[in-house]
Structures are given as C-alpha cells and as structure tokens.
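J.: Pasting a predicted model and its sequence here:
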Amino acid sequence: MATVKDLMNPKVFYAEVPSSREQVLKTLQEKKISGIPVVKKGTKNLIGIITREDLLRHSDEEQLALIMSTKVVTVSQETPFEDCLKLMKEKRYRRLPVVSGNEIQGIITVGDIVHKVVATSGSSAKVKDFMKRTLFSCWGNTPVYIASKMMRMANEYVILVIDNKENVAGIVSNTDLIRLVEINIEERKSILKSSSESQEWDWETSSILYITKGKIALPNIPLHKVMSAPCITISETASITECASKMQKSDIDQLPVTNAKDEIIGMIYDIDLIKSL
C-alpha cells in the first residue's frame, strides 16, 4: 500500500518565527509556490502555515505570527496515501506538512499527486465530469489592486480577463499577483501632548512621533498588462490524464475549459483532478 513517503517532497521550504514577512514573500516569488510551513526559529518544530492568500488578506500586518494559520492539519510519512487523499478531497487542502512528532520532514501537495499519480494513471474520465461551470471574470482595464480585492471577496484565486469586445483575452492568478507585490512604507504622524496646571498660567508642550509601517501593495496598472495570454485551455472531452499532463507541462494549476465551438464554458483546477482517483 502506497504511503505519503512515496509521494511527498522531502525538500521543503519553510519560514521561521520570528522572521520577516519580506523573506516569506521573496520565497513565494522566487520558488513560485503558494504556501510554506512555519517553524520555531532554530528548530524544525511546526507551528503554522502561511500562504500567498494570507499575505494578500493581511496586507498591513508585518508579524508572521499574526498572519499565519496556526491550525495545521498534518500527516506522517507512514500515513496511507488513501487517507491523505481523502483529507485533501473532503477539506480541499492544497498542502499537508509531513511531520515526525512535531518536526517537519517534508510536504505533500495537490501538485505532487496530480503530477505523480493523475498524469500517469491513464484515466479515461473526462474533464467535463469534474470541471466547474462557474467563471469569475473582470474587465481588462480594471486596476490590478481592485481586481485582487474582488478576487478575495469572491474567494477566487483565478480571474479571466475580458477585453472591450467582450472576449476572454487572458487569465490572471494569485501566482501572477504575488510576483507584483511591493512593500510600501507608510508614515503616520502622532502628536503627543503634555500640560501643567501648577502655575497661574498654563502651557502645553507637544512632541511629534512618526510611525512607519510597511504595507503590501499591488500596482495601479490595468489587469491586461499582467495577464497571461492567450489562455492555455483544455477541451471538455479531454481525459483527466491529458489535463494533468498539460498542467504539469505548463506549470499551472488551473485550465479554462472549452466546448466544441472553442468557447470557454468553465474551469478545472488541479484539486478537482484528484477527485478522479
């Protein structure tokens, strides 16, 4: 029986607490990953997990301990693959840290399963049986920071970009957005006052305290400037195996789905593919 050890990635990138938010952002950008475990500084003891969505959601928070999720579901190397798969399918977990005791040993992700299992399964199941027929879209001239806010409000991490002719011109994901993130330093002025009434006259003294804070921000540029175009798509009649292979080859975790008329009618995500197992 296959276990987590057979599929996990033992080379896991992680953040330490205390540490800087900037270092986490840099890791996500450079490694092109969507989330990493968080450990206690100087150890491999797991204390949380942080994702690109967490960073975007808490844009004005600098402390990792206040951004990360502390309720982390884990598995061990000996966990049967079927149990791990069930967790991911039912709870829609994209990643599960692999631990021994509380020490991190690796990580298993939806991508690992799609690339190593689904893409080689030879399944004849069709994309149309697992795709989602709802689409989230936005006009291409919408500023990137506004589109990001809309995505968070809709709990979506992919958006189709519509041009002035009402056609789908491209696609933008949270992976694209996190590459654009900048840390803007904001300065706030606070006036501290003190007074005395010990004399017949009153006087008041004040001092100015300048408080600086780094805030994650996205540029004020139109969405069409950062979209991937043209969209890589998959036919609704394609097999799950073909879909998984196409995601792996293109290094993406979602594909717009087309019908016989080449019209986009839905989306399929890597996490949908594991439902075929």
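T.: Arrived safely.

J.: Below-threshold pLDDT in the stretch 51-200 of the chain: ranges please.
T.: 184-200 (pLDDT under 70).

J.: where exactly do the helices run in it?
T.: 52-57, 64-67, 81-91, 110-116, 144-154, 174-180 (DSSP state H, counting those that start in this stretch).

J.: could those helices be laid out in TSV, adding mean neighbour count?
T.: Where you see a C-beta, it was placed from the backbone N, CA and C, and this is true even at glycine. Below are those laid out as TSV (neighbours: other Cβ atoms under 10 Å):
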stretch	mean neighbour count
helix 52-57	18
helix 64-67	16
helix 81-91	15
helix 110-116	20
helix 144-154	16
helix 174-180	19
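
J.: between those, which one is nearest to residue 246?
T.: helix 110-116 (10.7 Å; Cβ to Cβ).

J.: Give me the contacts around that closest one.
T.: 7-9, 85, 88, 94-95, 244, 247-248, 253, 270-271, 273-274, 277 (Cβ atoms under 8 Å, 6 or more residues apart in numbering).

J.: And those, which of them are buried?
T.: Buried members of the contacts of helix 110-116, counted by 16 or more other Cβ atoms under 10 Å: 7-8, 85, 88, 94-95, 244, 247-248, 253, 270-271, 273-274, 277.

J.: From these, which land in strands?
T.: Among the buried ones among the contacts of helix 110-116, the ones falling in strands (DSSP state E) are residue 95.

J.: Now for the buried ones among the contacts of helix 110-116: which two are most distant?
T.: 8 and 247 (19.3 Å).

J.: tell me the strands in the stretch 151-277 of the chain, going along the chain?
T.: Per DSSP state E, counting those that start in this stretch, the stretch 151-277 of the chain carries strands over the ranges 158-162, 168-173, 182-196, 203-217, 234-235, 254-258, 264-269.

J.: show me what contacts the closest residue to residue 174 other than its chain neighbours?
T.: Of all residues beyond its chain neighbours, the one nearest residue 174 is residue 157 (4.2 Å), with distances taken as Cβ to Cβ, 6 or more residues apart in numbering. Counting by Cβ under 8 Å, 6+ apart, residue 157 makes contact with 53, 151, 173, 174.

J.: isn't the third one right up against residue 158?
T.: In other words, residue 173. Yes - here residue 173 lies in contact with residue 158, judged by Cβ atoms under 8 Å, at a distance of 4.7 Å.

J.: Cool, thanks, talk later.
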